[in-house]
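Chemist: Coordinates only, no sequence provided:
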């Protein structure tokens, strides 16, 4: 019913999206579990960048339209609260940030969190994977494309920007003496 025909332009996109969704979910779960001390920001930046690349492919193809006009039940919703909570604990002190709510329509500033953004992305990807894994490949692809345009693409892009800014602060905000010594060492190496 929802299987994508072999040779269809959508098959490659769906398989790539499935792999990227799984990689993102695996990486965020690994980071949230504390299994990557010292590499958390870099791993999340890589996973989120790769995912956004896959999302760009979704946006580049014509609109995916499922054969049926209803969405099959994908099963129980993915519980992302434990992921969100673990990430919020890990990002304690810099989880909250301010963003422009809709940069196209105005300059209104609203609150956001890195943990909330990543959990939102995980939830949307998980729902698409549920469809895909149940054999409703076209519905999974439709869901990933729709939710990329309506939610997870924006949330992932916002999270990526903040993660990169945090990493830049961690690496570049050093005491003047340390910076001067590093600069001296670099110039005289």
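Modeler: Structure's in. What do you need? Keep in mind it's a predicted model, so treat the numbers as computed, not measured. Numbering: from 1, shown residues only.

Chemist: Helices of this protein, residue ranges please.
Modeler: Assigned by DSSP state H, the chain shows helices spanning 9-32, 40-60, 81-90, 114-133, 137-147, 153-172, 176-187.

Chemist: So for the first one, what gets flagged as buried?
Modeler: Of the residues in helix 9-32, those scored as buried under the neighbour-count criterion (16 or more other CB atoms under 10 Å) are 10-11, 13-14, 17-18, 20-21, 23-25, 27-28, 30-32. C-betas here are computed from N, CA, C, even on glycine.

Chemist: what does it rub up against?
Modeler: The contact list for helix 9-32 (CB atoms under 8 Å, 6 or more residues apart in numbering) reads 4-5, 36, 40, 43-44, 46-48, 50-51, 53-54, 57-58, 61, 64, 82-83, 86-87, 90, 118, 121-122, 125-126, 128-129, 132, 137-138, 140-141, 144.

Chemist: Pull out the buried members of these.
Modeler: Among the contacts of helix 9-32, those buried by neighbour count (16+ other CB under 10 Å) are 4, 40, 43-44, 47-48, 51, 54, 58, 64, 83, 86-87, 90, 118, 121-122, 125-126, 128-129, 132, 137-138, 140-141, 144.

Chemist: Quick one, which of the helices of the chain gets closest to residue 107.
Modeler: With respect to residue 107, and counting by CB to CB, the nearest of the helices of the chain is helix 153-172 at 15.6 Å.

Chemist: what angle separates that closest one from helix 81-90?
Modeler: If you take axes from the mean of the first three to the mean of the last three CA atoms, to 10 degrees, helix 153-172 sits at 30 degrees to helix 81-90.

Chemist: contacting residues around helix 153-172?
Modeler: 41-42, 44-45, 48-49, 51-52, 55, 59, 94, 97, 99, 112, 114, 116-118, 120-121.

Chemist: quick check: mean pLDDT across that helix?
Modeler: Per-residue pLDDT over helix 153-172 has a mean of 94.

Chemist: What of stretch 45-60?
Modeler: 94.

Chemist: just stretch 92-101 next, same as before
Modeler: Stretch 92-101 shows a mean pLDDT of 94 in the predicted model.

Chemist: who touches that stretch?
Modeler: Taking CB under 8 Å, 6+ apart as the rule, stretch 92-101 contacts 87-88, 106-115, 158, 162, 166.

Chemist: List the contacts of residue 145.
Modeler: Applying CB under 8 Å, 6+ apart, one finds that residue 145 lies in contact with 58-59, 61, 63-64.
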